[in-house]
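Chemist: attaching a predicted model along with its sequence, questions to come.
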Amino acid sequence: MSRPRLPLYLKILLWFGVNLLALALLLFGFLSMQFRMSLDWMLSGEAGERIAAIGDNVTFELSSLPEKEWPEALKRYEVQHDVTFALFSSSGAQVMGTAVQVPPGVVPKLIDKRGPGDHPPPRRPLPGTGRRRPSDAPPKPRFLLRAGDPAHYWAGIHLDLTQESDNRPLTLLMVSNTITGGGLFFDAWPWYGLAGAALLLSALVWMPFVRGITGFIGRLNHAAGRIAQGNFGERVTRGRNDELGELSSSVNAMAAQLGEYVAEQRRITADVAHELCSPIARMQMALGVVEQRSTPEQAGYLSKLDAELQHMARLVEEVLAFSKAETLPDRETAEDIRLHELILAVIAREASDANVQLHVPAEMQLHSLHGALDRAIGNVLRNAVRYAGEYGPIHIHAEQQDGNTRIRIADQGPGVPPESLPRLFEPFYRPESARRRTTGGSGLGLAITKRCVEACRGTVTARLREPAGMEIEISIPSA
C-alpha cells in the first residue's frame with residue numbers, strides 16, 4: 001500500500017502547526033503548574049475586578065432585601081454564572097446558600113480579620129455595567145485558590161454585609177469545578193482570540209517564505225520533467241542566492257551537457273547512416289552484376305545476400321528519417337489539411353490489402369505540417385497491419401475537442417506487455433514479441449512518429465485495449 005502524497009507546502013505548514021502545538025502545550029503545562037501552586041496573582045487583574053464587582057452587587061442587592069429572600073437571590077446568581085454561591089460567617093461557618101464541603105485549606109481564608117472600623121457602607125454598582133463605582137476605600141480582602149479532592153476552585157470576598165442576628169460581616173464564597181468559573185475567575189475567550197491572532201499572524205509571516213520555496217521547487221520539477229522528455233533547451237531562472245539557486249544552476253548545466261551529448265550522438269548517427277548509403281548502393285550494384293553471371297547453384301545464396309542488403313538499406317533509411325525528423329519544423333510549412341483525404345492516401349500506401357475501417361468526417365480540417373502528419377500516421381498504421389492485421393479490422397477514428405484534433409488508430413492484436421508501454425516511443429526499442437526478423441522492424445517507426453507529432457506541436461500516447469489490442473492516439477492542435 002503506497003503512502004499518501006502530501007505537497008511540500010502542506011508538510012511545512014503541518015510542521016509549523018506541530019511546533020505551535022508544542023509551544024501551546026508547554027505554555028499550558030506552565031500555567032497549570034502556576035494554577036496548582038497559587039492563583040493569587042490572578043486577583044490583580046480582571047479576575048480580581050470581577051470578583052470584587054460580584055461582591056458589591058451581592059452586598060447591595062442583599063442589603064435591600066429581607067434575609068428570608070437572600071437564598072433566592074443567591075440562587076439567581078448561581079443560575080446566571082453557573083457557579084455555586086454561599087455565605088459564611090467571619091468564624092468560617094456556612095450560614096446561607098447551597099451547602100458546600102469546605103476543604104481545610106480554604107477555612108482560614110473565610111475568617112474575616114478586619115477590625116470593626118474597616119467596613120464602609122455598601123456601594124451601588126454602575127447601572128448596566130456590573131462594575132463598581134469608583135471609591136477611595138481600600139479593596140476588600142479576596143482570595144482564589146485550588147483545593148479539595150476532587151479539586152475545585154474556590155474564590156471568596158469579605159463583604160460589608162451583616163445579618164440582623166450577628167453584627168459581624170459575612171464572606172461570599174464562590175465554588176466551581178473549572179478554572180473559568182463561568183467567566184468570573186478566568187475568561188478564556190481573550191486567550192483564544194490571542195492564540196488565533198498569533199496563529200494567523202504567524203501564517204501570514206510564513207506563507208510568503210513557504211510559497212517562495214515550494215513555488216521554486218515546483219518550477220524546478222517542471223523543468224526537470226521537460227528535460228527528462230528530451231527538451232534539453234529548458235532552463236530554470238535562478239532568482240535565488242541559496243541552495244535552491246545552486247540546484248537550479250546544476251540542473252541548467254546538466255541540461256546543457258545532456259543536450260550537447262544527445263546532439264553529438266544524433267549527428268554521429270546521421271553521419272554514419274549517410275556514409276553507409278554509398279557502400280550499400282555499390283554493394284547492391286555489384287550484387288546485380290554477380291547475379292547476371294551466377295550459376296543456378298549460386299542463385300539461392302545471392303538471393304539471401306540481396307535480402308540482407310535490402311534490410312540494411314531500409315534500416316539506414318529509417319535512421320536517416322529519424323535524424324531528419326527533428327528538423328521538420330524548419331523544413332516544412334504548416335498548411336490546411338483535409339484529414340479524411342490524407343488518411344485515405346496513407347491507407348492506400350501502407351495498408352491497401354488490410355481491413356481498415358475509417359471513421360473520420362469528410363469535412364474535418366486542421367492546420368499543421370502535412371508531411372510530418374502523413375509520416376506519423378503511416379508509421380502507426382504500418383505497425384498495426386504488421387502485428388495485428390490478421391486479428392481483425394483496424395479502426396481509425398478522429399474527432400476535434402478543446403481545440404485539438406485527436407486521431408486514434410486501434411487494432412485487435414496481441415498488443416505488448418504492459419511494462420513496455422512507457423518505452424514504445426524510444427529509439428531502437430522493440431518488445432520481445434517484435435524482435436523476430438520476419439515481423440520486427442528496426443525499432444525506429446514509433447520513435448519517428450513521436451518526432452513527427454512533436455514537430456506538429458502535438459503528443460502521442462499508447463494504451464492497451466480490453467480484452468485485446470492496442471490503441472495509439474495522436475493529439476495535434478487544430479489551428
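Modeler: Yep, that arrived.
Chemist: domain ranges for the protein?
Modeler: Using automatic domain parsing, the domain ranges for the chain come out as 38-187, 232-325, 332-477.
Chemist: Leu21 is nearest to which of those?
Modeler: domain 38-187 (20.5 Å; CB to CB). (Glycine included, C-beta is placed from N, CA and C.)
Chemist: what's the mean pLDDT across that closest one?
Modeler: The average pLDDT for domain 38-187 rounds to 79.
Chemist: circling back: so can I have a markdown table of the domains of the chain showing distance to Leu204 and mean neighbour count?
Modeler: Shown next, in a markdown table, are the domains of the chain (distance: least, CB to CB, whole Å; neighbours: other CB atoms under 10 Å):
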| stretch | distance to Leu204 | mean neighbour count |
| --- | --- | --- |
| domain 38-187 | 26 | 16 |
| domain 232-325 | 22 | 14 |
| domain 332-477 | 38 | 17 |
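Chemist: what about these, which gets the closest to Leu26?
Modeler: domain 38-187 (17.9 Å).
Chemist: and that closest one, how far from the chain's centre?
Modeler: 56 Å (CA atoms, centre = their mean, to the nearest Å).
Chemist: kindly report the same for stretch 321-340.
Modeler: 40 Å.
Chemist: what does stretch 357-370 give?
Modeler: Using CA atoms, centre = their mean, the offset of stretch 357-370 from its chain centre is 40 Å.
Chemist: any chance of the domains of the chain in CSV with distance to Pro208 as columns?
Modeler: Putting those into CSV (distance: least, CB to CB, whole Å) gives the following:
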stretch, distance to Pro208
domain 38-187, 34
domain 232-325, 14
domain 332-477, 35
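Chemist: now for those, which one comes closest to Val18?
Modeler: domain 232-325 (23.6 Å).
Chemist: which parts of the chain are helices?
Modeler: 8-37, 46-63, 70-81, 107-110, 189-228, 243-293, 296-325, 328-331, 339-350, 370-388, 445-455 (DSSP state H).
Chemist: nearest to Ser176, of the ones you listed?
Modeler: helix 70-81 (8.8 Å).
Chemist: then the closest one to CSV, C-alphas only?
Modeler: What follows is helix 70-81 as a C-alpha-only set of coordinates in CSV (Å, rounded to 0.1, in the frame of the first residue of the first chain):
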residue,chain,number,x,y,z
TRP,A,70,-31.4,36.1,50.4
PRO,A,71,-31.3,32.3,49.4
GLU,A,72,-33.4,33.0,46.4
ALA,A,73,-31.2,35.9,45.3
LEU,A,74,-28.1,33.7,45.7
LYS,A,75,-29.7,31.0,43.6
ARG,A,76,-30.3,33.5,40.8
TYR,A,77,-26.6,34.3,40.9
GLU,A,78,-25.8,30.6,40.6
VAL,A,79,-28.0,30.2,37.6
GLN,A,80,-26.6,33.3,36.0
HIS,A,81,-22.9,32.5,36.4
